[in-house]
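Asker: sequence and predicted structure are below.
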Amino acid sequence: MKRFYDALLDPVLPAPEGLHDGTGAVAGKRFDVYRNNVMQSLTDVMRAGFPAVRKLIGAQNFDLVAGAFIRAQPPTLPIMQRYGDGFDSFLAEVPQLAHLGYLSDVAGLEQALRLSYHAADCVPLDAARLGDLPPEQLGAVRFAVAPAVHLIPSVWPLYDIWRFNTEDGAPKPQPVAQHVLITRADYDPVPHPLSPAQGAWIAALMAGETLEAAQDAAGAVDPACDIATPMALLFAQNAVTGLITKDPA
């Protein structure tokens, strides 16, 4: 079975021995057609999932890299809409793409958008619940975050690069580091640019840290960090699903 699977994803390998069609004839040509269809289908999935990466490196180069990824990390689940996990790390190891240091982050953003789209629905928390807590308890509060929420840290202008390669008329990226928060308030996921300090604040909350600890994490990056903006963003985008007021057991 392994030889069949290996040959299915590698056009250099011959058809497995003993493989016949319905008439008993050797299925060499039929296998080639089937193999081509499988690779084409998986390549189409990659094209649909990573349009910005494809635009950045060109269609032909993308197909070559996608083919190498498919052979190195074939699907393990039948849900093709989610196929592509690990493509960001794979791109980071391709020597010919080393000059595009931001490419793996763009791939991570695009995969996170897909995962967010297919994440489970949940009931958001009313922001008024936070205001109901006594002020002295706020620092110890932890947030429960919706499964559709993702954070992609980057030292590159990640949001601007992604937007420039997916939206007509988008401005050119500026030389500033951007983390990207992905939320899904309604049906479609939406990316939001954050400063590194704001990203550190949200990363701490997503890791289960308290508001006080998250504030410290943000302050370590930028003591003047604006926390009110990402706080409002989380609630406006239905990203918070609960408040945890006790230490986890």
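Answerer: Thanks, I have the structure now. A quick note: this is a predicted structure, and the numbers were derived from the prediction, not measured.
Asker: what are the phi and psi values at Pro193?
Answerer: phi -80, psi 140 (degrees, to the nearest 10).
Asker: now it. Nearest residue, chain neighbours left out?
Answerer: Distances taken as CB to CB, 6 or more residues apart in numbering place Tyr159 nearest to Pro193, at 3.7 Å, with adjacent residues excluded. Just so you know, the C-beta spots here come from the backbone N, C-alpha and C atoms, and that holds for glycine as well.
Asker: wait, is that neighbour part of a strand?
Answerer: No - Tyr159: not assigned to a strand; according to DSSP: H, G, I helix; E, B strand; the rest coil it is helix.
Asker: surely it touches Ser195?
Answerer: No - Tyr159 is beyond contact range of Ser195, at 11.0 Å (criterion: CB atoms under 8 Å).
Asker: re earlier: okay, now the residue nearest to Pro193: neighbour count?
Answerer: Using other CB atoms under 10 Å, Tyr159 has 21 neighbouring residues.
Asker: and what of Arg54?
Answerer: 21.
Asker: what helix or strand is it on?
Answerer: Assessed by DSSP states H and E, Arg54 sits inside helix 51-57.
Asker: now Ala200
Answerer: Counting by DSSP H and E, Ala200 is part of helix 196-206.
Asker: who does that helix touch, helix- and strand-wise?
Answerer: Secondary-structure packing of helix 196-206 (3 or more CB pairs under 8 Å, 6 or more residues apart in numbering; DSSP states H and E): strand 142-145, strand 150-152, strand 179-183, helix 211-221, helix 228-236.
Asker: now with 6 Å, please.
Answerer: Judged by 3 or more CB pairs under 6 Å, 6 or more residues apart in numbering; DSSP states H and E, helix 196-206 is in contact with helix 211-221.
Asker: ok, residues contacting the helix it packs on?
Answerer: Helix 211-221 has contacts (CB atoms under 6 Å, 6 or more residues apart in numbering) with Leu138, Gly139, Val141, Pro196, Ala197, Ala200, Trp201, Ala204, Leu205, Cys225.
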